[in-house]
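[1] Quick one, structure for this:
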Amino acid sequence: MSLLFFFFIIIPSAIIHEYAHGWVADQLGDPTARHQGRLTLNPLAHIDMFGTILMPLFLFILSGGRFLFAYAKPVPFNPHNLKNKRWGPSLVGLAGPLANLAAALVFGLMIRFLPPSSFAFFLSIIVYANVLLAVFNLIPIPPLDGSKVLFALLPDRFKHYQLLLERYGFLLLLFFIFFAFQIIFPIIFGIYYLIVGQPFTF
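    Below you'll find the model as predicted:
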């Protein structure tokens, strides 16, 4: 039951994440998301066949029903339209994880200050899902948001590493999702504890 609730929570959390990308890009001069109808919270505009449907099913089966993760269709943006060509892409990239952390903080404060109840368990799943999305997307592997921050920080003499990562990024990402995802769990649980003030139990 809790895993099913997690699935229904992570989808709107991923949509908020993608909407934040599009909104910030639009504010910085790139209307691509708006022109393609992606600057909306309508789930139908953000569902990705692999990330929203197939991958969660595969992870659920491979983990024996113990783990599930999903993401929405990435919002497109044209970095050449941004007012700041160097830092603009990283700001667009950071917008998604920051939106998830903001959502986690709001629901985490509700857990802290509302009277204890069984409803707090469902709030804790909302916090966990948003922290999970934020941390996962900050991994510096293309096409994740962390790669945009990394590329903005890289000196020009290391740009060939950027091209290499962009070429093989999706393969690295698939490997990470299916075989190394557990590496980020201590970070996720640590941030969750800082927000909520108690350990997460699923």
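[2] Spatially central, which residue of this structure would that be?
    In the chain, the residue lying closest to the centroid (CA atoms, centre = their mean) is residue 133, at 3.5 Å.
[3] can I get the CA coordinates of the helix or strand in which that residue is found in PDB?
    Using DSSP states H and E, residue 133 falls within helix 119-137. Extracted in PDB, the C-alpha atoms of helix 119-137 (Å, rounded to 0.1, in the frame of the first residue of the first chain):
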ATOM      1  CA  PHE A 119      -1.700  10.800   8.200                       C
ATOM      2  CA  ALA A 120       1.900  11.800   9.100                       C
ATOM      3  CA  PHE A 121       3.100   8.500   7.500                       C
ATOM      4  CA  PHE A 122       1.700   9.500   4.100                       C
ATOM      5  CA  LEU A 123       3.300  13.000   4.500                       C
ATOM      6  CA  SER A 124       6.600  11.300   5.200                       C
ATOM      7  CA  ILE A 125       6.400   9.400   1.900                       C
ATOM      8  CA  ILE A 126       5.800  12.700   0.100                       C
ATOM      9  CA  VAL A 127       8.900  14.200   1.700                       C
ATOM     10  CA  TYR A 128      10.900  11.100   0.900                       C
ATOM     11  CA  ALA A 129       9.800  11.100  -2.800                       C
ATOM     12  CA  ASN A 130      10.700  14.700  -3.300                       C
ATOM     13  CA  VAL A 131      14.100  14.400  -1.500                       C
ATOM     14  CA  LEU A 132      14.800  11.300  -3.600                       C
ATOM     15  CA  LEU A 133      14.100  13.100  -6.800                       C
ATOM     16  CA  ALA A 134      16.200  16.100  -5.800                       C
ATOM     17  CA  VAL A 135      19.200  14.000  -4.800                       C
ATOM     18  CA  PHE A 136      19.000  11.700  -7.800                       C
ATOM     19  CA  ASN A 137      18.700  14.600 -10.300                       C
END
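[4] show me the residues around residue 41 that make contact.
    15-16, 19 (CB atoms under 8 Å, 6 or more residues apart in numbering). Using the backbone N, CA and C atoms, a C-beta is placed for each residue, glycine as well.
[5] any low-confidence regions in the protein?
    Applying pLDDT under 70 to the chain flags residues 1.
[6] all helices in it, in order from the N-terminus.
    With DSSP state H as the criterion, the chain has helices at 2-27, 32-35, 55-62, 88-113, 119-137, 145-153, 159-175, 185-196.
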